[in-house]
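Student: please find the sequence and the predicted model below.
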Amino acid sequence: GHDLDRFVQIGSLTKPLTGTLLVRLAAAGTLQLDDPLERFLPVPAGTGITLRHLAEHTAALPRVPPRLRRLAPYADFDAGALDSVAQRIDSFTTGATGGKEKYSNP
């Protein structure tokens, strides 16, 4: 069975749901698409990454965070791993945020 404390990788199935929820929350005034990521996750202040960048794949993030396995990269990913990656997010950006679209899964 699945360890309930682990994340489950379900691929791109969450993108339509996440995008819809993001736009609905923005329309309701709960958040703005240009809110900085640090408002919602424990990332260092000043990364320049916004919710819009994540939604549009312009956050300059790699396809998969560094040091994760190529196959089933999130198999051992839990809340602690998410916090660890979030705190180091600015160390593995691949360029300037808001630039060219580059597909990523973080």
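Tutor: Yes, it's here. Numbering: from 1, shown residues only.
Student: what's around V43, how many residues?
Tutor: Here the neighbour count serves as a burial measure; for V43 (other CB atoms under 10 Å) it reads 19. The way it works is simple: take the backbone N, C-alpha and C, and place the C-beta from them, glycine included.
Student: could you measure from it over to G98?
Tutor: Separation of V43 from G98 (CB to CB, to the nearest Å): 16 Å.
Student: now do the longest helix along the chain: everything it contacts.
Tutor: Secondary structure assigned by DSSP state H gives helix 14-27 as the longest helix of the chain. By CB atoms under 8 Å, 6 or more residues apart in numbering, the surrounding residues in contact with helix 14-27 are L31, Q32, L33, L51, A55.
Student: what's the next secondary structure element after that helix?
Tutor: helix 51-56 (DSSP states H and E).
Student: ok, then the element right after that next one?
Tutor: Assignment by DSSP H and E places the next element after helix 51-56 at helix 79-87.
Student: list the buried residues of that following helix.
Tutor: L82, V85, A86 (16 or more other CB atoms under 10 Å).
Student: quick one on the thing from earlier: distance to T18 for the contacts of helix 14-27 - can I get that in a markdown table?
Tutor: Below are these laid out as a markdown table (distance: CB to CB, whole Å):
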| residue | distance to T18 |
| --- | --- |
| L31 | 13 |
| Q32 | 16 |
| L33 | 13 |
| L51 | 10 |
| A55 | 8 |
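Student: by neighbour count, which of these wins?
Tutor: Each of those was scored by neighbour count (other CB under 10 Å); the top score is that of L51, with 20 neighbours.
Student: for that residue, give its distance to L13.
Tutor: 20 Å.
Student: ranking helices and strands of the chain by mean pLDDT, which lands last?
Tutor: Lowest on mean pLDDT, DSSP states H and E among the helices and strands of the chain sits helix 79-87, with a mean of 79.
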